[in-house]
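Below is the sequence, then the predicted model.
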Amino acid sequence: MKIQFQAILSLCCLPFLASSTSAEAPRGEAGVVPEARVPRVAERGEWRLPNRLLVSWRSDASATEKLAARALARAASTRDLTTPAMRTFGAGELEAFELPLLADLDAVAAELRRQPGVRAVDFDVLARPANVSNDPFVVGGQSWGVLGDTTTPMNAHGSQAMEAWGRGLTGGSNVYVGVIDTGVDVNHPDLVQNIWQNPHDPIDGVDNDGNGRIDDRNGWDFVNNDRTVYDGSPSNLWRDEHGTHVAGSLGARGGNGIGVAGVAWTTKIITGKVIDNGSGPISGVALALDYMIDLKTRHGLNIAAINLSLGYPVYTQVVRDALVRARLADIVVVVAAGNGGADNVGDNLDLVPYYPASHAANLGNMIAVANITSTGGIASDSNFGPRAVSIGAPGTNILSTLPQNRYGYLSGTSMAAPFVTGAVLVWRASRPADSAATTRGSILVRRIPTPSLSGKVSTGGRLDLSTF
């Protein structure tokens with residue numbers, strides 16, 4: 001992927017500068033801010049936090065077994081990461097072991113895996129950032145990703161969202177979406193009407209909804225462990241840019257006469273911030289997934305989809321377990337396929353796994369998305385996989401919201417995934433009885449066969465909302 005090597009969750013995009021009043025055209029290669037490349041196997045130790053292990057206990061693990069394992073690991077401290085969603089679905093507890101800085105993580109992990117009561121041990125790796133519209137950037141044709149072959153303006157390789165809008169399919173305020181990413185600028189004028197406000201936990205310094213997050217009005221920051229899901233400022237425009245862009249693509253308010261329109265004009269966006277200043281521990285991704293699941297299972301929020309435009313190259317049981325819980329909670333999870341390696345060429349995920357996208361082949365609620373260009377080709381740096389990756393969607397030079405009332409272009413599979421997530425929201429708003437599996441299958445079967453995607457993604461095609 002393309003970010004500098006200081007993160008660990010990877011954001012699957014290439015950024016371009018944007019202004020507050022009008023969107024600037026994408027800059028040439030010299031202007032691209034580098035994104036992190038996916039490290040090959042020999043480099044993957046760099047993705048680990050140096051002194052932390054995540055221990056998943058068996059549900060029947062005894063207190064004596066836990067004490068013995070902690071002593072064996074010589075843990076300097078431990079932290080209980082068990083979530084309400086884990087308890088709801090009968091999973092064992094999750095605990096973070098903080099080890100001495102010079103501890104041999106591989107050796108300690110191997111010993112712990114042999115202990116009774118231990119179900120799995122993971123390294124805490126870093127994930128990095130991979131109706132008729134009157135919105136001016138749509139009408140002007142800059143937002144090619146929402147266009148279709150019969151729309152004005154027209155682009156046959158867009159998502160055909162405008163054709164769905166013309167039939168009144170624009171989402172609904174009773175359909176919720178989790179954006180697990182960097183933070184989101186919740187005050188952006190094109191997003192503010194679609195930002196979720198938690199009715200169960202007013203800002204009063206008390207955890208009224210019992211989820212362990214005090215005053216989580218718009219979501220939660222799992223990196224800094226606080227309620228503020230946007231930490232950017234006029235002097236730090238790039239902070240929380242990625243998540244703000246993703247949120248706009250899937251759910252910027254449409255028909256309001258300003259800026260852009262998301263695939264779903266109306267929805268409620270819940271932010272799970274797991275990346276800050278380029279990285280965040282993978283444990284935060286698992287906690288954010290469970291946060292969304294808990295909102296659905298305990299509070300009845302109609303969370304139809306979760307968008308994960310991020311990635312990392314190491315299998316972790318804690319995230320897979322959370323993705324399974326999302327399936328059990330009937331939530332579609334849409335993930336970016338990732339943006340290749342140091343050679344700037346997309347990788348075949350059937351051969352070179354990249355997570356969480358590589359989980360999609362085995363979990364029936366997941367959709368992994370490749371990046372296509374405005375001419376219908378698969379982007380040269382987009383990961384692919386005839387088994388692992390499901391479908392293609394617009395992801396190159398995508399115009400969307402940026403922090404501090406700006407708009408701008410970004411490229412990558414991070415930008416492709418939210419088009420599919422928006423499609424899930426539109427589908428579920430018009431067919432509320434459909435399950436996650438039915439929704440996923442309905443979207444994938446409606447793809448447009450695309451030569452550049454033949455043999456590259458399981459459907460051989462690209463996203464098409466025209467037949468919704």
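It's in.

show me where pLDDT drops low in this structure?
1-10, 13-46, 130-141 (pLDDT under 70).

Could you report the distance from the residue nearest the centre of it to Tyr354?
Centroid check for the chain by C-alpha atoms, centre = their mean gives Leu308 as the closest residue, at 1.3 Å. The gap separating Leu308 from Tyr354 is 12 Å, by C-beta to C-beta, to the nearest Å. Glycine gets a C-beta too; all of them are placed from N, C-alpha and C.

same deal with Gly441?
Going from Gly441 to Tyr354 by C-beta to C-beta gives 24 Å.

what does Arg431 give?
Distance from Arg431 to Tyr354, by C-beta to C-beta: 31 Å.

Could you check which of these two is surrounded by more residues?
Ranked by neighbour count (other C-beta atoms under 10 Å), Arg431 and Tyr354 place Tyr354 first, with 30 against 13.

For the stretch 201-350 of the chain, which segments count as strands?
219-221, 266-273, 280-281, 303-308, 310-311, 332-336 (DSSP state E, counting those that start in this stretch).

can I see the domain layout of the protein?
Annotated domains of the chain cover 10-36+129-462, 47-125 [automatic domain parsing].

so which of those domains is the most packed in?
Ranked by mean neighbour count under mean count of other C-beta atoms under 10 Å, these are led by domain 10-36+129-462, which reaches a mean of 23.

hang on, isn't the residue nearest to the centre of the chain packed against Val177?
No: using C-beta atoms under 8 Å, Leu308 is not in contact with Val177; the gap is 11.6 Å.

Which of the strands of the stretch 201-350 of the chain sits closest to Ala63?
Among the strands of the stretch 201-350 of the chain, the nearest to Ala63 by C-beta to C-beta is strand 280-281 (26.7 Å).

list the helices and strands that closest one packs on?
Judged by 3 or more C-beta pairs under 8 Å, 6 or more residues apart in numbering; DSSP states H and E, the packing partners of strand 280-281 are strand 118-127.

give me that answer again for 10 Å
Strand 280-281 sits against strand 48-57, strand 118-127, with contacts defined as 3 or more C-beta pairs under 10 Å, 6 or more residues apart in numbering; DSSP states H and E.

now the first one, how far from the chain's geometric center?
Which is strand 48-57. Centroid separation between strand 48-57 and its chain, computed with C-alpha atoms, centre = their mean, to the nearest Å, is 22 Å.

circling back to that earlier point, export the helices and strands packed on strand 280-281 to JSON lines and tack on distance to Asp106?
Shown next, in JSON lines, are the helices and strands packed on strand 280-281 (distance: least, C-beta to C-beta, whole Å):
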{"stretch": "strand 48-57", "distance to Asp106": "10"}
{"stretch": "strand 118-127", "distance to Asp106": "9"}
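
closest to Leu102 out of those?
Closest of these to Leu102 is strand 48-57, at 8.5 Å (criterion: C-beta to C-beta).

C-terminal to that closest one, what's the next element?
helix 63-73 (DSSP states H and E).

Sheet partners, orientation included, of the helix or strand following that following helix?
As assigned by DSSP H and E, the chain's next helix or strand after helix 63-73 is strand 77-80. With DSSP bridges as the test, strand 77-80 is paired with strand 94-98 (antiparallel).

next structured bit after the partner strand?
For strand 94-98, the following helix or strand on the C-terminal side (DSSP H and E) is helix 105-113.

so how far is stretch 175-182 from its chain's centroid?
7 Å.

Mutual contacts of Leu308 and Tyr354, please.
Cys12, Ala130, Val335, Ala336, Ala368 (C-beta atoms under 10 Å, 6 or more residues apart in numbering).

can you list these in a markdown table and add distance to Ile258?
Listed next are the shared contacts of Leu308 and Tyr354 as a markdown table, based on distance: C-beta to C-beta, whole Å:
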| residue | distance to Ile258 |
| --- | --- |
| Cys12 | 27 |
| Ala130 | 29 |
| Val335 | 30 |
| Ala336 | 27 |
| Ala368 | 32 |
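
I'd like to know which of those residues is nearest to Gly408.
Gly408 lies nearest to Cys12 out of those, by C-beta to C-beta, at 16.8 Å.

ok, now which ones touch the residue lying farthest from the centre of the chain?
Relative to the centre of the chain, the most outlying C-alpha is that of Thr64, 38.1 Å out, by C-alpha atoms, centre = their mean. Applying C-beta under 10 Å, 6+ apart to Thr64 gives the contacts Pro116, Gly117.

Arg406 contacts Val260, doesn't it?
No: with contact defined as C-beta atoms under 10 Å, Arg406 does not count as touching Val260 (11.3 Å).

hang on, the earlier thing: what sits in contact with each of Leu308 and Val177?
Taking C-beta under 10 Å, 6+ apart as the contact rule, the neighbours common to Leu308 and Val177 are Val334, Thr421.

ok, for Ile306, nearest residue in space, not its chain neighbours?
Gly178 (4.1 Å; C-beta to C-beta, 6 or more residues apart in numbering).

Next up, phi/psi of that neighbour, please.
phi -100, psi 130 (degrees, to the nearest 10).

May I have the residues that are in contact with it?
196, 219, 269-272, 288-289, 291-293, 295-296, 301, 303-308, 326, 331, 333, 421 are the contacts of Gly178 under C-beta under 10 Å, 6+ apart.

how about CSV for the domains of the chain, with distance to Phe468 added?
Below are the domains of the chain laid out as CSV (distance: least, C-beta to C-beta, whole Å):
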stretch, distance to Phe468
domain 10-36+129-462, 5
domain 47-125, 30
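
hang on, the earlier thing: so which of the helices and strands packed on strand 280-281 gets nearest Asp381?
When these are ranked by proximity to Asp381 (C-beta to C-beta), strand 118-127 comes first, at 18.6 Å.

List the strands paired with the closest one, with their directions.
Sheet pairing for strand 118-127, using DSSP bridges, gives strand 48-57 (antiparallel), strand 280-281 (antiparallel).

now the longest one and helix 105-113, what's the angle there?
In other words, strand 48-57. In terms of direction (axes from the mean of the first three to the mean of the last three C-alpha atoms, to 10 degrees), strand 48-57 departs from helix 105-113 by 0 degrees.

Isn't Pro202 up against Asn208?
Yes: Pro202 lies in contact with Asn208 (C-beta under 10 Å); the separation is 6.6 Å.

what touches both of these two?
Common neighbours of Pro202 and Asn208 (C-beta under 10 Å, 6+ apart) are Asp215.

Next, the contact list for Leu112, please.
Leu112 is in contact with Leu53, Val55, Ala69, Arg70, Leu72, Ala73, Ala75, Phe97, Val118, Ala120, Val121, counting by C-beta under 10 Å, 6+ apart.

on that earlier part again, pipe the strands paired with strand 118-127 into a markdown table and attach distance to Val457 per row.
Shown next, in a markdown table, are the strands paired with strand 118-127 (distance: least, C-beta to C-beta, whole Å):
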| stretch | distance to Val457 |
| --- | --- |
| strand 48-57 | 30 |
| strand 280-281 | 28 |
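
among these, which is nearest Leu81?
That would be, of the strands paired with strand 118-127 and by C-beta to C-beta, strand 48-57, which comes in at 7.4 Å.

follow-up on the earlier one: so for Leu425, which of the helices and strands packed on strand 280-281 sits nearest?
strand 118-127 (23.4 Å).
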